[in-house]
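**Student:** have a look at this prediction, sequence included:
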Amino acid sequence: VVTELILRTGTFSKRDPTSTVVLPTGDGYAIGFSDSSEKPIHLAMELHKAINRYNESQRGNEKLLIRVGIDTGPVYVIKDINNIDNVWGPGIILTRRVMDLAGDMNIFASARIAEDILKLSAEYKKMLHPIGSYHIKHGEELQLFNIYGEGYGNKIAPRLKKVKTVTLDQSMRSIHNFKFETIEIALDVTDVKTM
């Protein structure tokens, strides 16, 4: 049903197939648009409205509930173990982290894409709402925006543990909070035969 509803959206049906990445993820999709930072938001809004219409005729567990995460960043086409094109990169990894923080029918966006989108139109100021910074993997944090409006998104964000703000001096006191700005690895091959 989700696949059919995505195919019916104007944003997806009018996409440029040469600049759009569609990656099935088992129970959903990762969809990337390289030609517009607005298209992910438009697709999410259209899909939410279609799901809400679909859910009007459904009961209990038959209702569809999705989570959407939106971010921007580099994504690279790589060959997987079967020599088939796949994608990898910070753009797709962090988008997944944003989605993981969302709850049912939430549309979350990272501050990185939200700040770009907010510059494009005053209309976006009505739908993008900052909700704070949250911990993600590897000790990193993401500042998030919740996207909602008439017929799309969910105003109620899940109760997640926000990042505790500490000074640099405080973070240096604990080895667990210490971060290196860069890490260099030097590798000398001493025996080429055995590597």
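**Tutor:** Sure thing, it's come through. Only a predicted model underlies this, so the values are computations on that prediction, with no experimental measurement involved. Residues are numbered from 1 along each chain as shown.
**Student:** how about stretch 139-151, which residues are buried there?
**Tutor:** For stretch 139-151, burial by neighbour count (16 or more other C-beta atoms under 10 Å) applies to Leu142, Gln143, Leu144, Phe145, Asn146, Ile147, Tyr148, Gly149. Any C-beta I mention is one placed from the backbone N, CA and C, and that applies to glycine too.
**Student:** mean confidence for stretch 9-22?
**Tutor:** Averaged across stretch 9-22, the pLDDT comes to 93.
**Student:** distance between the ends of it?
**Tutor:** One end of stretch 9-22 to the other measures 15 Å (C-alpha to C-alpha, to the nearest Å).
**Student:** nearest residue to the middle of the chain?
**Tutor:** When C-alpha atoms, centre = their mean is applied to the chain, the residue found nearest the centroid is Thr95 (2.4 Å).
**Student:** residues near the residue nearest to that residue when sequence neighbours are not counted, how many?
**Tutor:** Nearest residue to Thr95 in three dimensions, chain neighbours excluded: Asp71, at 4.1 Å (C-beta to C-beta, 6 or more residues apart in numbering). The burial count assigned to Asp71 is 25, neighbours taken as other C-beta atoms under 10 Å.
**Student:** quick check: phi and psi at Asp71.
**Tutor:** phi -150, psi 180 (degrees, to the nearest 10).
**Student:** ok, Glu140 next?
**Tutor:** Glu140 adopts backbone torsions of phi -80, psi 170, taken as degrees, to the nearest 10.
**Student:** just Gly149 next, same as before
**Tutor:** phi -170, psi -160.
**Student:** list the contacts of it.
**Tutor:** Contact analysis of Gly149 by C-beta atoms under 8 Å, 6 or more residues apart in numbering lists Met45, Lys126, Met127.
**Student:** same deal with Glu140?
**Tutor:** With contact set as C-beta under 8 Å, 6+ apart, Glu140 has no partners.
**Student:** look at it and report its pLDDT.
**Tutor:** Glu140 carries a pLDDT value of 83.
**Student:** how much space between it and Ile93?
**Tutor:** Using C-beta to C-beta, to the nearest Å, one gets 11 Å for the distance from Glu140 to Ile93.
**Student:** before we move on, what about Gly149?
**Tutor:** Between Gly149 and Ile93 the computed distance is 28 Å (C-beta to C-beta).
**Student:** circling back: which of the contacts of Gly149 ranks first by neighbour count?
**Tutor:** Met45 (22 neighbours).
**Student:** how about low-confidence regions in the chain?
**Tutor:** 160-183, 195 (pLDDT under 70).
**Student:** show me where it has helices.
**Tutor:** Here the chain has its helices, by DSSP state H, at 2-8, 10-13, 39-55, 90-101, 111-118, 123-127, 168-172.
**Student:** neighbours around the residue nearest to His48 when sequence neighbours are not counted, how many?
**Tutor:** Closest residue in space to His48, ignoring its immediate chain neighbours: Tyr152 at 3.7 Å, by C-beta to C-beta, 6+ apart. Counted with other C-beta under 10 Å, residues neighbouring Tyr152 total 21.
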